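K.L.:
Curious how this folds, go ahead:
(2 chains)
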Amino acid sequence: MPHWVTIAVSILFDGLAYAMFLFITSVGLSVTMGLMGFVNLAHGAFAMAGGYIVVSLTRSLGIDFVPSLLISAVIVAVASVPFERGLYRRLYKSTDLEQVLLTIGLAFMAIAAFTYFYGPIPKSVPLPHWLEGDVNLGFRSFPTYRAFLILIGAILITILWYAFERTNIGAKIRAAVDNRRMAESVGINVDRLFTLTFALGSGLAALGGGFAIQLFGLTPYFAVLYLVLFLIVVAVGGLGSLKGTLLAALVIGIIDTGGKYMFPQAGNFFIYAITVIVLLIKPAGFYGRE
Amino acid sequence: MAVSEPATAEETARTRAAEYLLRRHYFRWPEVLPWLIAVACFFVFPDRMTFGSQVLIMIMFALSLDLILGYAGIITLGHAAFFGLGAYTVALASLKLGWSEPISGVLAAGVVAGLIGIVAGWFILRYRGLTLLMLTIAFGAMLQEAGNIRSDVTGGYDGMPGLTFDPVLGHFQYDLYGHTSYWYALAVLAVVFFFVRRIVYSPFGQALTGIRENVRRMHSIGSPVHRRLVTVYAISAAIAGMAGALFTQTNAYVTLTVFDFDASAKVMVMLILGGTGRLYGAFVGAAVYMIFEDKLSKLSPTFWQFGIGLLLVLAVLFARRGLLGVAETAWRKIVKRSAP
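P.N.:
Alright, predicted model coming up:
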């Protein structure tokens, strides 16, 4: 294989894995923001919490990595419900500013609490043998962990797409995103729908947080550092759009990986540049409603 | 008679509106208080003036945010961009051009940040809500990354060492205790404050409040909304830049952390804590925040961060108008009770 093809394949592969992480973590945020217009800056904190629960499950209880991911997602999904019922619900009709302040306050509290219990040093998790090393796909080999992440991402996309486009609940969610008042007046309980999607979105964020440990190393500041990325994916993709979130995750994941490969010193510059350009041209994102 | 009546009615309305604006603009005696406290602090804590000047700089930064957030209703999580632009303007001017005169440096920083504020504002202020929020965050982050790419010029996250500035007014040297810094920062803050106060009580300020309260109505009565927002954004950017310039001059040091997302969030927290849209909220919020941070973060940075988060949550749930709002409500209750 010529050299540049090898590089292009590597960038595509790593970019795809990154995009899957971005999609899994951000999709819940996109749907809840689309449903209620709620600016949730604590979403990253749910992802961070999920990551730390995985650390505890694997390190302290000796549970395998993959079941830990699932357990942690369920725990965070369940734990997010009281937050939505008790705090978020009070502010649905408030201004953006109040929502920003409440959720940034929650994120700060989460960072402090997790620093207190886990310390500020990056954590890692023990991986099972079959996730380590490389996997041979015939024409070349790839890191197994990233391949696994891509596989899980693809499965989740299929499930979410089916649930969104083909089931009754999915139709209700789409209706509520399009026109909340109309959906309510035909008898859809948007509040309950929102609690459900909020829990699901937080659970998925926790799953993403679990995957992130091995990719970036987990510190309490994950809650704020990566939050900006999730918000960018949501804003660029368009609120409440599954398709948009996926497209934004792919664009940002692949361009950022390529950019970092070719200009290592540029950091996240490309991500921000793409964001500004896309939002200036399409303020509501790829598939958002103007 | 019948013809002149509507004219008189209109005239009375005009006079009344003018009187209302003028009355708001009159100084009331409690407004002396913050300045008296600032001067008193110098004599009570002469050895804490380095910290004191940092408080004054943050007050100025928070004041610039109040102008756009409190009066015009623009939500931004990227205001540190302009603070950082000002900070780097004086740093680079001193290091590369040998321009170390402090007062002209502050003015130059204001001009640079203000001009970039015009350009950035012209682009991003057409949007609202999440899009606007993301654009402000991305703008600040882009400047930080650009500074990191050219870390040969900016010094990157290690900072720019060896900055020196001329004595203020060619006479007052910067001293170890921060005495010069304190008076210098206080003087700049006073000038900026009276300028901001003039703006918010002017018809222009009234128009901004109108935009905050109901942008559609402002459009429909023919107010040039976008132009007004860009104007106030540029003014606010210039003030933030001047605060940043003071920051570099008084610390003789600057790193790329001035562009941090945390810095933007922090100044917003200060303003919210004090109360938005009331000028003195910036004073109370920044001072209270900085003093608590100084005391508590020495004890335990973790608890301090938790406390700030809790405070924000409680403020949103129970005290949406900030500390000054709470004080005002309490004061009204006392007055009511004592005068039945």
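
K.L.:
The stretch 101-250 of chain B: strands as residue ranges?
P.N.:
Here the stretch 101-250 of chain B has no strands by DSSP state E, counting those that start in this stretch.

K.L.:
Kindly report the residues of it close to chain A.
P.N.:
B:123-124, B:126-127, B:129-131, B:133-135, B:137-139, B:141-142, B:145-146, B:148-149 (Cβ under 8 Å from any Cβ of the partner chain). C-beta coordinates here come from the backbone N, C-alpha and C atoms, glycine included.

K.L.:
Give me the number of neighbouring residues for B:K298.
P.N.:
9 (other Cβ atoms under 10 Å in any protein chain shown).

K.L.:
Next: the one 4 residues further on.
P.N.:
For B:T302, the number of neighbouring residues by other Cβ under 10 Å comes to 19.

K.L.:
How about the one 4 residues further on?
P.N.:
For B:F306, the count of nearby residues is 19 (other Cβ under 10 Å).

K.L.:
Need the nearest residue in space to it, chain neighbours excluded.
P.N.:
In this structure, B:F306 finds its nearest non-sequential neighbour in A:A112, 3.5 Å apart by Cβ to Cβ, 6 or more residues apart in numbering or on different chains.

K.L.:
where does the one you found land in three-state SS?
P.N.:
helix (DSSP: H, G, I helix; E, B strand; the rest coil).

K.L.:
Can you give me the pLDDT of A:I111?
P.N.:
A:I111 carries a pLDDT value of 93.

K.L.:
That one contacts A:A223, doesn't it?
P.N.:
Yes. With contacts counted by Cβ atoms under 8 Å, A:I111 reaches A:A223, the gap being 5.3 Å.

K.L.:
Overlap in contacts, those two.
P.N.:
A:45, A:48 (Cβ atoms under 8 Å, 6 or more residues apart in numbering or on different chains).

K.L.:
And B:A187, how far from B:S181?
P.N.:
Plainly put, B:A187 is 11 Å away from B:S181 if you go by Cβ to Cβ, to the nearest Å.

K.L.:
Comparing the two, which residue is more hemmed in?
P.N.:
B:S181 (25 against 14).

K.L.:
could you give me the average pLDDT of stretch B:234-248?
P.N.:
Mean predicted confidence for stretch B:234-248 is 95.

K.L.:
again with stretch B:182-202
P.N.:
92.

K.L.:
Report the buried residues of the helix ranked longest in chain B.
P.N.:
For chain B, the longest helix by residue count, based on DSSP state H, is helix B:225-251. In terms of neighbour count (16 or more other Cβ atoms under 10 Å in any protein chain shown), helix B:225-251 has its buried residues at B:225, B:228-251.

K.L.:
What of stretch B:125-137?
P.N.:
Buried-residue list, stretch B:125-137, by 16+ other Cβ under 10 Å: B:125-127, B:129-137.

K.L.:
So which residues make contact with that stretch?
P.N.:
Under Cβ under 8 Å, 6+ apart, the answer for stretch B:125-137 is A:33, A:37, A:39, A:96, A:100, A:228, A:231-232, A:234-235, A:239, A:275-276, A:279-280, A:283-285, B:74-79, B:81, B:123-124, B:215, B:226, B:229-230, B:233, B:261, B:264.

K.L.:
Could I get the CA-only coordinates of it as PDB?
P.N.:
Below are the C-alpha coordinates for stretch B:125-137, written out as PDB (Å, rounded to 0.1, in the frame of the first residue of the first chain):
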ATOM      1  CA  LEU B 125     -24.600  38.800  17.500                       C
ATOM      2  CA  ARG B 126     -27.000  37.900  14.700                       C
ATOM      3  CA  TYR B 127     -27.600  34.600  16.600                       C
ATOM      4  CA  ARG B 128     -29.200  33.800  19.900                       C
ATOM      5  CA  GLY B 129     -29.500  31.000  22.400                       C
ATOM      6  CA  LEU B 130     -27.200  28.000  22.100                       C
ATOM      7  CA  THR B 131     -25.700  29.100  18.800                       C
ATOM      8  CA  LEU B 132     -24.500  32.400  20.300                       C
ATOM      9  CA  LEU B 133     -23.200  30.600  23.400                       C
ATOM     10  CA  MET B 134     -21.300  28.200  21.300                       C
ATOM     11  CA  LEU B 135     -19.800  30.900  19.000                       C
ATOM     12  CA  THR B 136     -18.600  32.800  22.100                       C
ATOM     13  CA  ILE B 137     -17.000  29.700  23.500                       C
END
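
K.L.:
From the contacts of stretch B:125-137, keep the buried residues only.
P.N.:
Buried among these (16+ other Cβ under 10 Å): A:33, A:37, A:39, A:96, A:100, A:228, A:231-232, A:234-235, A:239, A:275-276, A:279, A:283-285, B:74-79, B:81, B:124, B:215, B:229-230, B:233, B:261, B:264.

K.L.:
Looking at those, which are in helices?
P.N.:
Per DSSP H, these map to helices at A:33, A:96, A:100, A:228, A:231-232, A:234-235, A:275-276, A:279, B:81, B:124, B:215, B:229-230, B:233, B:261, B:264.

K.L.:
what does the stretch 51-200 of chain A have sitting close to chain B?
P.N.:
So the stretch 51-200 of chain A meets chain B at A:87, A:90-91, A:94, A:96-98, A:100-102, A:104-113, A:115-116 (Cβ under 8 Å from any Cβ).

K.L.:
List the neighbouring strands of the least confident helix or strand in chain A by mean pLDDT plus their orientation.
P.N.:
Least confident helix or strand of chain A, by mean pLDDT, DSSP states H and E, is strand A:134-136 with a mean of 80. Sheet partners assigned to strand A:134-136 using DSSP bridges are listed as strand A:141-143 (antiparallel).

K.L.:
what sits up against the following helix or strand past the strand it pairs with?
P.N.:
Next in sequence after strand A:141-143, counting helices and strands by DSSP states H and E, comes helix A:144-166. Helix A:144-166 has contacts (Cβ under 8 Å, 6+ apart) with A:13-14, A:16-17, A:19-21, A:23-24, A:27, A:127, A:130-135, A:137, A:169-170, A:173-174, A:204, A:211, A:214-215, A:242, A:246.

K.L.:
Now go through those and say which are in strands.
P.N.:
A:134-135 (DSSP state E).

K.L.:
Got a quick PyMOL command for the buried subset of the contacts of helix A:144-166?
P.N.:
A single PyMOL command selects the buried members of these (16+ other Cβ under 10 Å):
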select buried, chain A and resi 13+14+16+17+19+20+21+23+24+27+127+131+170+173+174+204+211+214+242+246
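
K.L.:
one step back: run the chain-centre distance for the longest helix of chain B.
P.N.:
In terms of Cα atoms, centre = their mean, to the nearest Å, the centre of helix B:225-251 is found 8 Å from the chain centre.

K.L.:
List the buried residues in whichever strand or helix holds B:E19.
P.N.:
Element membership of B:E19, judged by DSSP H and E, is helix B:4-25. Neighbour counts over helix B:4-25 (16+ other Cβ under 10 Å) mark no residue as buried.

K.L.:
elements contacting the next helix or strand after that helix?
P.N.:
With elements assigned by DSSP H and E, the helix or strand that comes after helix B:4-25 is helix B:33-44. With contacts defined as 3 or more Cβ pairs under 8 Å, 6 or more residues apart in numbering or on different chains; DSSP states H and E, helix B:33-44 has these neighbours: helix B:49-65, helix B:179-200.
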